[in-house]
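Asker: A predicted structure for the sequence below; I have some questions about it.
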Amino acid sequence: MFYAVVTQFNKIKIILNNIYEFHWKNAVVINGNKNIDILQADFEKNSIILLLKNDINIKDECFILYNNTTVKAIYGQLFNTFEFNRRYYTDEALGCFYSQNSTLFKVWSPAASSINLLLYKSGDPSIDERPASFPMSEKNGVWSLKIDNNLNGFFYTYEVTVYGKKNEAVDPYAKALGINGHRAAIIDFNSANPNNFEKDISPKLENLTDAIIYETSIRDISMHKDSGVQNKGKFLGLAEENTKSSKGLSTCLSHILELGVTHVQLMPIYDFSYVSTDERNPVKYNWGYDPQNYNCPEGSYSTNPYNPITRILELKTLVQTMHKHGLCINMDVVYNHVFNLENENLEKIFPGYYFRFYENGTPSNGSGCSNDTASERLMMRKFIVDSVYYWAKEYHIDGFRFDLMGIHDITTMNVVREKLNSLNRPIMLYGEGWNLNTMLPEELKANMKNSIKMPHIGHFNDIFRNSIRGNVFIKEDKGFVSGKEGLEEIIKNCIVGCTDYFNKGNSLFQTPDQSINYVSAHDNNTLWDKLEFSNPDADKEELKAMHKLSNAIVLTSQGIAFLHSGAEFCRTKYGVEDSVKSGDAVNCMDWDRKSDFLDVMEYYKGLIKLRREHSAFRMNNVDMIRKHLEFLSNTPKNVIAFILKNYANNDTWKDILVIYNGNKKKVKVSIPEGYWNIVADKYKAGVEILRTFNGNYFEVDDICINVLYR
Ligand code: CA
């Protein structure tokens, strides 16, 4: 057995264990209905390079026939070559371009042998309808067609003939959709804007480190029976103002505003798979990390998923409402994999181009979803960049959280960063920079280890998370807040945003805006559940203390603060670790619980206020941190104390003293002598003075933060 990989238009690499067993003169290269002669063969370590007399035509598949075995020669590597890009790469705008007089359609597929535009009256495939079919014409891989008519209200798909198969695919650049995303819609975007949307402006953000991100989902935030919201589980639900639970406590948007965060990060809001959630009757629960159409909102979150304008209008209404209240809105984007490779529109239009494959032809699986996209290929990179830019420009989205960012390549992330910068407002860009086993050289992967090559792109800081609350993969593992010892140095490093504060030259990050500081997110156990699992003997009050200290560290450290929604009232998912399909009962924000943990809510509110009003916690470069942050020495075990000194980052307070006590007992800490104002202790946090202290030997309660200033 051997594998065959096309490396150039006229070169095929044959891979096998013993290359001397392969007699290349007996091999036949078949490309469509033609044979291509082999001119010569070069022997390398584990491979033989066949040089062909003529170029391979990529409109046909290519096979090697050898000793009665036929092996497909995989095109993947060819798509990375300069010559391929010279012939076929285009920076032209793709998609459907509507005007009242005509509509232009453009789709890219150098591999297709023909593409027809199929025009439908309905967006619903369950209605029997024979579409009108129009052949498109090709130039250098771009297929186009202009129809001189007003097509407003029609739906369309592409019928692509490629490698002898006919596929019906939705335009990957579709910006409007019919029910369940099966057909793209042609609409007049002027009719899809709420009133005054053109005047909508994002709240000001001076530095990325000023952001306090709050992660939630459109469905979870309002589904609870006592959310007080009319449009439960919909975009409009989160846009409802002044909502209250039956106990009179604020819910949903009002609750977020009460809490005081700056950014709401929404779990997937692009169109996700109809298999996960049927838009016709969205009873089946799914987080939505299985993209189907990348450039259009999810239908189940709209009040009428059949009308393509509704979901667009309603998401924009949400954005506008949030902006009006001073909240920014970030979206979770999942370009690293798709729901299902075979049924994927990109794959149906140009098989093999948009995904990574191993040399044996099976799909690369660093994402755990058996189809890693290939961001390093120029047209996939363009697709990602175009898509992100579109959301920022059309929907006024303020930030992007890249799911499994480590699957992507560094250049793509930097190009996205640059493109977003061109909009001249600070747009957040961050993601999961995990080191993943995908078919990409280590030095090109957009993961934490390569953060130096990706300025101002943030990474979820799992060192921060694991050292404070305990390792997420070991249920019983404790962290600093639950009494695990010896973590002081790691946590000190986290407090400075894992930048090179200590001048060791090997820091994880270069700037604090690269560190997304967090202790819980939608993945893994909630903070409350984790603390319960790892501290079976702790009572409720002790767990609450650990919970408060965890996010107190997040909210007083340098970097970008990130909170999982509901943490402010000790959210539980009843021990369910991966609740992707667990339904509303497990996932929804339980507005009853808010009243049970009102003291925790008040505490979180106070810490957020402290961070927002005091720029010392939000320094934006390592030099400033070196100059203004000083750790106290001679602190007891499991205690960390530092001073943000000399009006750090133009703070109004001269010196701010922060002490974390991870011990289950009171400690005394020697502090600089003086009159100190205490603004946070075990029970209260904020900017108001709780009491004052004069002296240099300060007592701190068990499991808590204290913040003092002078
Ligand atoms: Ca959908």
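Answerer: Alright, I've got the coordinates.

Asker: distance of whatever residue of the stretch 201-350 of the chain ends up closest to the ion from D124?
Answerer: Of all residues in the stretch 201-350 of the chain, the one sitting closest to the ion is D271 (4.4 Å; CB to the ion). Any C-beta I mention is one placed from the backbone N, CA and C, and that applies to glycine too. Here D271 is placed at a distance of 15 Å from D124 (CB to CB, to the nearest Å).

Asker: the more surrounded of the two?
Answerer: With neighbours defined as other CB atoms under 10 Å, D271 and D124 compare such that D271 has more, 26 against 16.

Asker: is it true that the residue of the stretch 201-350 of the chain closest to the ion touches S302?
Answerer: No - contact criterion CB atoms under 8 Å: D271 and S302 do not qualify, at 10.5 Å.

Asker: how about the residue of the stretch 201-350 of the chain closest to the ion, phi and psi?
Answerer: Here is the backbone geometry of D271 (degrees, to the nearest 10): phi -70, psi 110.

Asker: how about it, nearest residue that isn't a chain neighbour?
Answerer: Nearest non-adjacent residue to D271, counting by CB to CB, 6 or more residues apart in numbering: N293, 4.0 Å away.

Asker: likewise A112?
Answerer: V162 (4.7 Å).

Asker: just the strands in the stretch 601-710 of the chain please.
Answerer: With strands called from DSSP state E, counting those that start in this stretch, the stretch 601-710 of the chain shows them at 629-631, 639-644, 656-661, 667-680, 691-700, 704-709.

Asker: so which elements touch the third one?
Answerer: This means strand 656-661. Packing partners of strand 656-661 (3 or more CB pairs under 8 Å, 6 or more residues apart in numbering; DSSP states H and E): helix 540-556, strand 639-644, strand 667-680, strand 691-700, strand 704-709.

Asker: sorry, back to before: surely the residue nearest to D271 is in a strand?
Answerer: Yes - assessed by DSSP: H, G, I helix; E, B strand; the rest coil, N293 belongs to a strand.

Asker: how about it, what does it touch?
Answerer: For N293, the contacting residues are V170, P172, A174, L177, G181, A184, Y270, D271, N345, by CB atoms under 8 Å, 6 or more residues apart in numbering.

Asker: list, one by one, the residues from the chain near the ion.
Answerer: Residues of the chain lying near the ion by CB under 5 Å from the ion: G181, D271, G299.

Asker: hmm, the last one is touching R311, no?
Answerer: Yes - the pair formed by G299 and R311 meets the contact definition of CB under 8 Å, at 5.6 Å.

Asker: residues of the helix or strand where K492 lies that come out buried?
Answerer: Here K492, judged by DSSP states H and E, is contained in helix 488-495. Using 16 or more other CB atoms under 10 Å as the test for burial, helix 488-495 gives E488, I490, I491, N493, C494, I495.

Asker: now flag whichever of the residues you listed is closest to the ion.
Answerer: Taking CB to the ion as the measure, the ion lies nearest C494 of these, at 38.2 Å.

Asker: related to what we said a few turns ago, what touches both of G299 and R311?
Answerer: Residues touching both G299 and R311 (CB under 8 Å, 6+ apart): L177, P305.

Asker: from the contacts of N293, which land in helices?
Answerer: Cross-referencing the contacts of N293 against helices under DSSP state H gives N345.

Asker: most surrounded residue in the contacts of N293?
Answerer: Across the contacts of N293, neighbour numbers were computed from other CB under 10 Å; A184 holds the maximum, 31 neighbours.

Asker: and the spatially closest residue to that one that is not a sequence neighbour, what's its pLDDT?
Answerer: Of all residues not flanking A184 in the chain, A174 sits nearest, at 3.5 Å (CB to CB, 6+ apart). What the model reports as pLDDT for A174 is 98.

Asker: please apply the same query to N17.
Answerer: Turning to N17, the model gives it a pLDDT of 88.

Asker: which stretches of this structure have low pLDDT?
Answerer: By pLDDT under 70, the chain contains no weakly predicted segment.

Asker: rerun that using 90 as the cut-off
Answerer: By pLDDT under 90, the low-scoring segments of the chain are 1, 17-21, 44-46, 338-343, 358-361, 367-370.

Asker: how about the helices in the stretch 201-350 of the chain?
Answerer: Listed in chain order, the helices of the stretch 201-350 of the chain (DSSP state H, counting those that start in this stretch) span residues 218-222, 235-239, 252-259, 308-324, 345-349.

Asker: before I go, just wanted to say thanks for your time.
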